[in-house]
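1. Show me the folded form of this:
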Amino acid sequence: MENIHDFYTKMEDGNILLSFKGEVTSDLLTSILQIMESKMETLAEPPIIKKKVYNILVECLQNLYHHLENDDLATPMNEKSALFMIKKQDDEYSIMTGNYIMNENVSPMKNRLDTINSMDSLQLKTYYKEVLNNGEMSTKGGGGLGMIDIARKSGKKLEYRFDKVDSKISFFSLNVRVAQKTKEEKENV
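-> Next up is the predicted model:
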């Protein structure tokens with residue numbers, strides 16, 4: 001058995017506030033949000049940072065919950081599970097998520113993320129309104145607003161990757177960095 005203290009030390013050194021791997025349920029989401037709200041109170045973060053991190057965390061967790069692939073997806077060990085982790089390094093939070101995705105959905109998702117990453121804050125605001133007003137819904141019921149909203153609120157480019165698992169599935173990883181202040185907020189000071 002691996003030394004649990006070594007594992008704890010690695011998490012502590014990595015400034016991991018919270019991590020989870022398993023099935024994502026609505027009860028779990030509620031618990032995670034309560035835990036993070038409490039942790040941020042303990043860290044005495046300014047209200048604007050608490051709100052920003054909390055809102056992005058909600059979007060990331062909702063994406064995991066609503067966009068886990070269907071039961072036809074034969075993942076390793078037949079798990080319909082996901083991974084997420086929250087860490088704080090200096091004045092920046094990282095909210096990391098990971099879940100399995102069908103290979104056929106990789107290209108459309110990559111195109112959407114690249115489109116979002118190519119835009120500045122004003123373009124993202126306009127794009128958000130366009131997607132909201134065009135009434136298109138994804139197969140999961142959303143219009144794809146979540147990722148746009150995450151990029152708008154974080155003020156950073158979305159970091160992502162797709163790791164091919166086999167001929168049918170890949171693992172999608174997303175890292176959202178949330179700084180104390182966005183570039184626009186710093187310029188307005």
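2. Tell me where the protein has helices.
-> For the chain, the helices defined by DSSP state H occupy 4-13, 26-42, 47-67, 106-117, 121-134, 145-154, 183-187.
3. Let me see the contact set for the residue nearest to the spatial centre of the chain.
-> What sits nearest the mean C-alpha location of the chain, by C-alpha atoms, centre = their mean, is C60, with 3.6 Å. Neighbour list for C60: 84, 95, 97, 150, 174, 176 [criterion: C-beta atoms under 8 Å, 6 or more residues apart in numbering]. For the C-beta atoms, the positions are set from N, CA and C on the backbone; glycine is no exception.
4. Can you redo the helices of the chain as CSV, where the extra columns are mean pLDDT and distance to S167?
-> Shown next, in CSV, are the helices of the chain (pLDDT from 0 to 100; distance: least, C-beta to C-beta, whole Å):
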stretch, mean pLDDT, distance to S167
helix 4-13, 80, 33
helix 26-42, 87, 31
helix 47-67, 87, 21
helix 106-117, 94, 12
helix 121-134, 91, 32
helix 145-154, 93, 26
helix 183-187, 54, 42
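5. and of those helices, who's closest to V165?
-> Checking these against V165 by C-beta to C-beta gives helix 106-117 as the closest, at 11.0 Å.
6. The closest one versus helix 145-154: what angle between them?
-> If you take axes from the mean of the first three to the mean of the last three C-alpha atoms, to 10 degrees, helix 106-117 sits at 30 degrees to helix 145-154.
7. So which residues make contact with helix 106-117?
-> Under the contact criterion C-beta under 8 Å, 6+ apart, helix 106-117 has outside partners 101, 124, 127, 144, 147-148, 151, 157-158, 160, 162, 170, 172.
8. pLDDT value on A74, please?
-> What the model reports as pLDDT for A74 is 52.
9. Just the buried ones from the contacts of helix 106-117?
-> Buried members of those, scored by 16 or more other C-beta atoms under 10 Å, are 101, 124, 127, 144, 147-148, 151, 158, 160, 162, 170, 172.
10. For D13, state which of those residues is nearest.
-> For these, the nearest to D13 is Y160 (24.9 Å; C-beta to C-beta).
11. which residues pair with that closest one across the strands?
-> On the basis of DSSP bridges, Y160 is bridged to L174.
12. Relative to R112, how far out is M96?
-> 19 Å (C-beta to C-beta, to the nearest Å).
13. Could you do L43 as well?
-> Per C-beta to C-beta, L43 is found 33 Å from R112.
14. The two: which has the busier surroundings?
-> Legend: neighbour count by other C-beta atoms under 10 Å for L43 and R112, higher for R112 (16 against 12).
15. From L28, how far off is the more buried one?
-> 26 Å.
16. Kindly report the same for C60.
-> Distance of C60 to L28, computed by C-beta to C-beta: 13 Å.
17. now do S121
-> Taking C-beta to C-beta as the measure, S121 falls 32 Å from L28.
18. out of those two, which sits in the busier spot?
-> L28 (16 against 13).
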